[in-house]
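1. No letters, just coordinates:
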């Protein structure tokens, strides 16, 4: 058995763990248990599942100190950030519990039998049902919110599916301890064995995706790994949905008015958004459009000042650390960007300071629109919205776009909204795209290559990824789910074409 | 330019048409126009789009005689069936008009800014928006309802997208005339040029799917063609959703009680469902479980009688006609089925009479569970639900399953429901899966290889395939869609977690 090691990115030191890579037989045993658990889970009412999600949230918070400690050692992220992230993960489980109780996510519809313009029609009832065991891939940059205890786990469980997690190699111990916390809480709550599973090691991840018992995959990570997993799915006998959150440049546009009126505030905000969590957020604004001229110059100078005096930040792992300077060099050599601030590489571990690059909008090509994970921003100097529009054409589609503008610039704001609406999944006004709100309305997704899906991976509607519709035609009441029987129900339904709120 | 021919399946005679295969430049011009139309369509309110859909329904009905006449010549389907199908297509456009006005399909959500357990949170508003030009592939077996004027066209337009149709080679003239009817009605209504397009020829279909301006594909057809189109998509720079409705066996199960109590009625109903439209329906019950013993024997004899005295039916085209006997032979030679009724092949055209096969449940393998398009059914004789369950394991997952049972067989019915629920998208009780109701609750979809999607292609919720979520964060009111502004609205919305009905 291969014993796996964990690396402290603050020092670069590798330490063996007691965690071993899961072999093929191990993966098969875990997915078999998950399939068995699914048969049981499907019989549980929504109230039971809501209770489970709340128990998981409580279990997570009970282990906060241990979990945050492990994540600090393995990710180099700050205690404050990790504490916030753990709270967010617990909140997420509770929000999905609310959503499960609400039941709107079931999209329940009843069409009673009756005469129609096409003649007599049967009774048809539809709702969404769970799909089966879901494989969840943890992401390096969110050891809690996009990992073992993250949004994919919460939404897949909320939908009624067992979950098998592929632990991220960058935070193995955090993953194991997170899983322990979940499993302890789940066992105390009385879930069937196999409801939660975890596998370790790259090969185990590939085996998991290929496993015929797996019904869907949730993934947050690089475009290249996403493509490999999609390739494995393409070779399955039964293809399954693969939900990948893959890459994002997140253009931010500062209008001429905003550059004049809020120079320092935007400088501070943009810098904070670029460098928070060492710039390792999928919604980090990797490029920012700044107008030519004095106000834009002042904004650029503000950001440069901040970057030059910045303390070192620790990147998550050796791969990200190595890629950071590689990509930065490419953006200059091939993309034609000017380096305004050269990052300093620290003496030990995976530390860097921020990099600031600049380019004229007219010179923007795809070569300067490559995502650089880490504290790096490319400032694009533009003259007029035409240049912004044209440069955006070279930027891959993203999770978000951000527009800073002033009250008097309504026409420009509308034109920019129009221009970016096609390119992204969320438009932020006068704020920053990082710090994604976990809520009912959030959309964290976007056109390819930001994601490969028409769904969000954050917020309540993420649950739709792990559900499929099922219809019952002329069904006797005793075979129908409670939610589709006639009479008062505790969920909203569309009945004979009219939406009705919960009636009890 | 390649001039295309049309074939009358009643005679097999081929006649040249004035329709030419669309070349690559032609396809590109059509998708370019569609992309331009999309920019305009996105500015139109829902009420405008509902009006358009109703105008298309009217236009379709106005051309009824011409369209049904063309379809009779090209498909060999009966006038009654084609008239019904055209009515269904018109109904479908009107139902989507209702859905567009209702606005529930937008899934509008508003989370106001506020304090949360995670601190202050921004205002976030989300709804679904159209994706761009949709390619729609007509199916051979529904010259109206799954072709130019079919459900994919209606749902893609309803969502706000332009549509480019690939005409099915089996009904070229019907396609062209259908398109003319739509286009005339659309032009009179004032749609932007390019909203509707059509291409002809197999190569044009491939070019269309590869075209970077196409944002999604709706397809109803064979698994093999579906795989070819998916392969084209996999090679695109930007992958897009491909919604394929691909194949289905549609198992039907007759309980011991039902075989005794309703022998003749089920014989008549099942035979009608197998042979209606010459068995060329994706929901045709291709296999039926009949109990061993006297009642089952009587049911089999009833079906055999009907099939032996059947008149000839015309299949849609030479390919289906050729495959019918090929597959039937394979089901016997490789699948081990016994032939109870040998079909008679007619003297001219693509005519056949029904084929009835029989096999014991214990002998069922994947080799006897191959879809045979046309009037063919495999009767599976079983002894006990255990045999049904086991045999179902060899049957590919399907669009539907049907259960016939009696009042006293509640436990069996629940067990069968449990067994088929995992395998299909719709469960029919004491009826037949053919004759799919077009309604709000309908689900016409199922697990792979029935479809490759978690969505229906029939009924209102089919619209979700051609929409993607977009969120606005802290947006000034003037950039928000009407549906997301504060104050009374004419759509249901979820506001701060609570669902609200339309307020005006």
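-> Thanks, I have the structure now. Quick caveat, the model's predicted, so the values are computed rather than measured.
2. now the helices for chain A?
-> A:24-41, A:46-62, A:64-75, A:79-102, A:151-159, A:172-189, A:202-210, A:223-234, A:256-261, A:263-275, A:294-308, A:318-333, A:385-392, A:410-421 (DSSP state H).
3. Does the fifth one pack against any helices or strands, and if so which?
-> It refers to helix A:151-159. With contacts defined as 3 or more CB pairs under 8 Å, 6 or more residues apart in numbering or on different chains; DSSP states H and E, helix A:151-159 has these neighbours: helix A:46-62, helix A:79-102, strand A:134-137, strand A:163-166, strand A:216-220. C-beta here means a position set from N, CA and C on the backbone, and glycine is covered the same way.
4. Just want the angle from that helix to helix A:46-62.
-> Interaxial angle of helix A:151-159 relative to helix A:46-62 (axes from the mean of the first three to the mean of the last three CA atoms, to 10 degrees): 150 degrees.
5. what's next to helix A:151-159, contact-wise?
-> A:49, A:52-53, A:56, A:89, A:92-93, A:96-97, A:99-100, A:105, A:128, A:130-131, A:134, A:136-137, A:145-146, A:163, A:165, A:182, A:195, A:216, A:218, A:220, A:243, A:438, A:457-458, A:462-463, A:465-467 (CB atoms under 8 Å, 6 or more residues apart in numbering or on different chains).
6. out of those, who's near chain B?
-> With CB under 8 Å from any CB of the partner chain as the criterion, the contacts of helix A:151-159 include A:131, A:438, A:467 near chain B.
7. Any regions of the stretch 401-504 of chain A where pLDDT drops low?
-> When residues are selected by pLDDT under 70, none of them lie in the stretch 401-504 of chain A.
8. Hmm, residue A:302 and residue A:267 touching each other?
-> Yes. The pair residue A:267 / residue A:302 is scored as a contact, 3.2 Å apart, by CB atoms under 8 Å.
9. Who has more neighbours out of the two?
-> residue A:267 (22 against 18; other CB atoms under 10 Å in any protein chain shown).
10. which ones are touching the more buried one?
-> Per CB under 8 Å, 6+ apart, neighbours of residue A:267: A:299, A:302, A:303, A:306.
11. The first one - how many residues pack around it?
-> Other residues near residue A:299 come to 25 when the count uses other CB under 10 Å.
12. Surely it touches residue A:266?
-> Yes. Using CB under 8 Å, residue A:299 is in contact with residue A:266, at 6.1 Å.
13. Mutual contacts of those two, please.
-> A:254, A:259.
14. Now residue A:424: closest residue in space, sequence neighbours ignored.
-> Nearest non-adjacent residue to residue A:424, counting by CB to CB, 6 or more residues apart in numbering or on different chains: residue A:401, 4.5 Å away.
15. thinking again about what came up before, any idea which of the ones next to chain B among the contacts of helix A:151-159 is the one closest to residue A:3?
-> Using CB to CB, residue A:131 comes nearest to residue A:3 of these, at 34.4 Å.
16. any idea how far residue B:458 is from the residue nearest to the closest one when sequence neighbours are not counted?
-> Nearest residue to residue A:131, sequence neighbours excluded (CB to CB, 6+ apart): residue A:215, at 4.2 Å. Going from residue A:215 to residue B:458 by CB to CB, to the nearest Å gives 23 Å.
17. And residue A:310, by the same measure?
-> Distance, residue A:310 to residue B:458, using CB to CB: 58 Å.
18. So which of those two has more stuff around it?
-> Each of residue A:310 and residue B:458 has its neighbours counted (other CB under 10 Å); residue B:458 has more, 28 against 17.
19. show me the contacts for that one.
-> B:151, B:436, B:438, B:442, B:443, B:444.
20. Would you point out the most distant pair within these?
-> B:151 and B:443 (12.8 Å).
21. picking that back up, looking at the contacts of residue A:267, spot the one nearest residue A:359.
-> Nearest to residue A:359 among those: residue A:303, at 14.3 Å, using CB to CB.
22. how many other residues sit next to that closest one?
-> If we define neighbours as other CB under 10 Å, then residue A:303 has 25 of them.
23. Next: the one 5 residues further on.
-> Around residue A:308 sit 14 other residues, with neighbours defined as other CB under 10 Å.
24. Hmm, residue A:341 and it touching each other?
-> Yes. Look at residue A:308 against residue A:341 with CB under 8 Å: they come within range, at 5.6 Å.
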